[in-house]
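S.K.: Whatever this is, show me its structure:
(one chain, ligands or ions: 1)
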Amino acid sequence: MQELFTDKLGDCRCCPRGCGVDRLAGETGFCGIDSRALVSHAGLHFGEEPPISGTRGSGTIFFAGCNLRCVFCQNYRISQEFGKGSSAVMDSRGLASEMLRLEREGAHNINFVSPSHMIFQMADAIRMARGMGLGIPVVYNSNGYDSVEALRAIDGLVDIWLPDLKYMDNGLAMRLSAAGDYADIVPGVLGEMLARSGRLEVDGDGVAVRGLLVRHLVLPGEMENSRRCLDLLASLDPGIHVSIMSQYSPQYRACQHPGINRPLTPEEYDEITEYALDLGLENAFIQELESSDHYLPDFDSDTPFGE
Ligand code: SF4
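M.R.: The predicted structure follows:
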């Protein structure tokens with residue numbers, strides 16, 4: 001019998017926080033979640049990049065809680081205020097059932113959102129779902145603040161890596177996300193994902209089947225941070241696929257932070273996309289600024305897990 005990944009939660013080092021708490025005994029660390037997977041929403045999502053959403057949608061499973069505390073979090077109701085919502089506790093079998101339901105509904109892939117602190121619950125569920133016949137790719141859609149050791153431990157279970165690259169400035173990462181070592185951690189994470197799966201590969205319909213797609217959200221007034229992030233990507237691989245995102249809006253506590261208490265301007269976004277092209281990043285997804293209203297699930301819905 002295979003060892004359960006979740007057995008590793010007795011001394012939690014799932015993410016770079018390395019809290020060392022016993023989540024199996026009900027203890028919680030920075031992310032606030034014990035060993036039980038807490039799911040806030042599961043459904044088809046059409047607002048991801050075209051290779052991820054395709055025509056039939058991406059089968060998203062949103063985990064509650066987070067190992068970052070971004071003051072501008074668009075999902076703050078599930079990442080920070082999950083105790084107030086309608087999240088569901090799921091064991092591996094329950095998660096696997098949701099994955100199979102999404103596949104039956106036509107999803108191109110299963111897309112785990114915010115998995116860094118649930119990586120081992122996710123891994124056990126993937127293994128179970130594969131055993132039950134799941135045949136579509138699995139997407140790991142994280143904030144980039146991951147443990148390389150944990151990524152290695154789940155080798156072979158994820159097909160598509162979809163991490164954020166938020167900062168290459170530890171001071172900014174501390175101020176905005178309470179992660180003062182983010183810029184030290186994320187290069188190794190991206191390098192590991194690239195080494196594991198390579199560049200993004202798509203099928204004949206342009207839908208992703210494996211590989212790496214990095215997301216960078218451009219923050220207002222933080223052009224130097226964005227330039228450093230793009231420099232890192234170009235140094236890893238000029239052919240890396242990157243989605244340069246324009247949809248920043250001052251959500252959650254952003255209004256209390258001068259500088260990011262406003263939307264991004266078209267000039268700022270253009271400056272960064274031109275910089276990416278100058279660096280030779282030829283596989284960049286660039287948005288129209290008007291398209292900044294990306295679909296977000298209704299986390300207050302009465303039916304967060306479909307009809
Ligand atoms: S997953 Fe949570 S408890 Fe574990 S190290 Fe990260 S923040 Fe701490």
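S.K.: For stretch 184-198, buried residues please.
M.R.: By neighbour count with 16 or more other C-beta atoms under 10 Å, stretch 184-198 contains the buried residues 185-187, 189-190, 192-194, 196-197. Yep, even glycine has a C-beta here, placed from its N, CA and C like the rest.
S.K.: Need the residues that contact that stretch.
M.R.: Here stretch 184-198 makes contact (C-beta atoms under 8 Å, 6 or more residues apart in numbering) with 16, 144-146, 148, 151-152, 155, 158-161, 163, 165-168, 170, 179, 210-212, 214, 232-233, 236-237, 240.
S.K.: Contacts only, for the closest residue to the ligand within the stretch 51-200 of the chain.
M.R.: Residue of the stretch 51-200 of the chain nearest the ligand, by C-beta to the nearest ligand atom: H117 (3.6 Å). Neighbour list for H117: 14-15, 31, 33, 63, 65-67 [criterion: C-beta under 8 Å, 6+ apart].
S.K.: Let me know the pLDDT of it.
M.R.: Note on H117: pLDDT of 97.
S.K.: host element of N143?
M.R.: N143 belongs to no helix or strand when assigned by DSSP states H and E.
S.K.: SS state for the residue of the stretch 201-307 of the chain found nearest the ligand?
M.R.: Residue of the stretch 201-307 of the chain nearest the ligand, by C-beta to the nearest ligand atom: Y252 (19.0 Å). For Y252, the assignment made with DSSP: H, G, I helix; E, B strand; the rest coil gives coil.
S.K.: Mind giving me the packing neighbours of the helix or strand P51 falls within?
M.R.: Secondary-structure assignment from DSSP H and E places P51 in helix 50-53. Counting contacts by 3 or more C-beta pairs under 8 Å, 6 or more residues apart in numbering; DSSP states H and E, helix 50-53 packs against strand 208-217.
S.K.: Can you point out the buried residues in the strand it packs on?
M.R.: 208, 210-217.
S.K.: Give me the longest helix you can find in this structure.
M.R.: helix 182-197 (DSSP state H).
S.K.: Return the list of strands paired to the next helix or strand after it, each annotated with direction.
M.R.: Once helix 182-197 ends, the next helix or strand along the chain (criterion: DSSP H and E) is strand 201-202. Here strand 201-202 has these sheet partners by DSSP bridges: strand 208-217 (antiparallel).
S.K.: tilt between the strand it pairs with and helix 182-197?
M.R.: 170 degrees (axes from the mean of the first three to the mean of the last three C-alpha atoms, to 10 degrees).
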